[in-house]
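S.K.: the sequence isn't on hand, but the structure is:
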Ligand SMILES: Cc1cc2nc3c(=O)[nH]c(=O)nc-3n(C[C@H](O)[C@H](O)[C@H](O)COP(=O)(O)O)c2cc1C
């Protein structure tokens, strides 16, 4: 069964709501195993065992969170050759501007040569019904691609 790894940093209720909706989205797709790891505890073994990955982070000071950056610092060289073409998706939540965080993730996933299989999801402010529907769709889209 293909495995979808969700690597997330979830420091607030808004991001917890997003993560729960991600779980719902993956559950819409039959035959995909869901593995959820906080970014500070995820490692190369998790990535190497995954068939696809969904990244989730707040925007912090115009960049991805330090937690997600730590994840990339940890897995970059162990995964560099082994994960070319890995399907991935990403969501970023911020107060008002997620562009720097999204750009930083695009840069590093580009260097890893992962394959983006869903449009990046940018969320600002308290997640509303449409935002959460977008999260569900993002997660289901990545899951379907596996
Ligand atoms: C140190 C710090 C830096 C932040 N920088 C940004 C930022 O650059 N852009 C942005 O949109 N939000 C920024 N935020 C807001 C966080 O992204 C937001 O708090 C997080 O997504 C959780 O959302 P919530 O506070 O609504 O629960 C920052 C928050 C903190 C604590």
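M.R.: Now that the structure is in, tell me what you want to look at. Predicted model, so just to flag it, every value in this text is computed and none were measured. Residues are numbered from 1 along each chain as shown.
S.K.: which residues are in contact with stretch 130-139?
M.R.: 6, 17-18, 21-26, 28, 54, 89, 91, 118-119, 121, 123, 127 (Cβ atoms under 8 Å, 6 or more residues apart in numbering). (C-beta placed from N, C-alpha, C; glycine too.)
S.K.: could you pull up the mean pLDDT of it?
M.R.: Averaged across stretch 130-139, pLDDT comes to 98.
S.K.: list the buried residues in that stretch.
M.R.: Residues of stretch 130-139 classed as buried: 131, 132, 134, 135, 136, 137, 138, 139 (neighbour count, 16 or more other Cβ atoms under 10 Å).
S.K.: give me the phi and psi angles of the nearest residue to residue 119 once chain neighbours are set aside.
M.R.: Using Cβ to Cβ, 6 or more residues apart in numbering and skipping the chain neighbours, the partner closest in space to residue 119 is residue 138 (7.8 Å). Residue 138 has phi and psi values of phi -60, psi -50 when expressed as degrees, to the nearest 10.
S.K.: check residue 60 too.
M.R.: Here residue 60 shows phi and psi, under degrees, to the nearest 10, equal to phi -130, psi 110.
S.K.: and it, what does it touch?
M.R.: Contacts here follow Cβ under 8 Å, 6+ apart; on that basis residue 60 touches 66, 101.
S.K.: do you know the pLDDT at it?
M.R.: On pLDDT, residue 60 comes in at 98.
S.K.: tell me what it is bridged to.
M.R.: For residue 60, the beta-bridge partners under DSSP bridges are residue 63.
S.K.: I'd like the numbering to begin with 12 instead of 1 from here.
M.R.: In the new count, where the first residue is 12, that last one comes out as residue 71.
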